[in-house]
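Q: Have a look at this prediction, sequence included:
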Amino acid sequence: MMFGVKANFSNTDASVGFALGFAGMYLLICGAYYFNCYTTATEYVKTGMDAFVANTGSDAEEALTLLGSIAAQSGWQFVCTGVNRVMFLVREIALCVLIWYALTQEQKQYYLLVPLMSLAAFLPDGLYQAEVLTSSYAKDLITVAVSAGIAFLAARQYNAREDQVAHFQIERLRARKRR
């Protein structure tokens, strides 16, 4: 932190950039996964059951399981998944801001608080996968609520610590306007 990050990045906005890079890459991977799901479904609809199974070869059982899970979801579950992914991005930005304060401003309480908040945000997904939590709506609602709480805490800390005035050079703005 002292030799790499602090020397090159001086304000909290750098943590937002780190979070966008990390969460953005994760969301691209999620997008690729969902593209794969819908491509599988499209192929099944276009070719029919027999041709689809023949084309998938030894992966036929796995592909049919994937199709079954896609078909079992309602439209609202797709919407909830999208909202959950957006809140993931917001949550990661908030957690990066809080860990930035822990590392740069010696806010030691965040060293423990950030991992605990991250655990709390991932807990509903884990409980759902373990079939302890049976409703996907409840899983997504709890995850969104926890993420919103984390974002609220980070926003309060950011607003309390950071200068809220935009600093810009008026001459640069005038030069842009003339172009």
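A: Yes, it's here.
Q: Just the element for residue 66, please.
A: Following DSSP states H and E, one finds residue 66 within helix 60-72.
Q: Next SSE downstream of that helix?
A: Using DSSP H and E, the first helix or strand after helix 60-72 is helix 75-104.
Q: list the buried ones in that following helix?
A: Buried positions in helix 75-104, judged by neighbour count with 16 or more other CB atoms under 10 Å: 80, 84, 87-104. From N, CA and C alone the C-beta is placed, and that goes for glycine too.
Q: Next, the angle helix 60-72 makes with it.
A: 100 degrees (axes from the mean of the first three to the mean of the last three CA atoms, to 10 degrees).
Q: Against which helices or strands is helix 75-104 packed?
A: helix 13-47, helix 109-129, helix 136-161 (3 or more CB pairs under 8 Å, 6 or more residues apart in numbering; DSSP states H and E).
Q: Could you identify which of the ones you listed is most buried?
A: Ranked by mean neighbour count, these are led by helix 136-161 with a mean of 17 (mean count of other CB atoms under 10 Å).
Q: quick check: angle from that one to helix 13-47?
A: On the basis of the same axes, to 10 degrees, helix 136-161 is oriented at 160 degrees to helix 13-47.
Q: helices and strands around helix 136-161, which ones?
A: helix 75-104, helix 109-129.
Q: So for residue 161, which of the ones you listed sits nearest?
A: Across these, the minimum distance to residue 161, taken as CB to CB, is reached by helix 75-104, at 7.0 Å.
Q: so for the closest one, what's the average pLDDT?
A: Averaged across helix 75-104, pLDDT comes to 85.
Q: So, low pLDDT: which residues of this structure?
A: Where the chain drops to pLDDT under 70, the residues are 1-10, 164-179.
Q: mind checking the SS state of residue 134?
A: coil (DSSP: H, G, I helix; E, B strand; the rest coil).
Q: what sits against it?
A: Going by CB atoms under 8 Å, 6 or more residues apart in numbering, residue 134 touches residue 128.
Q: Next one: it from residue 128, what distance?
A: Per CB to CB, to the nearest Å, residue 134 is found 8 Å from residue 128.
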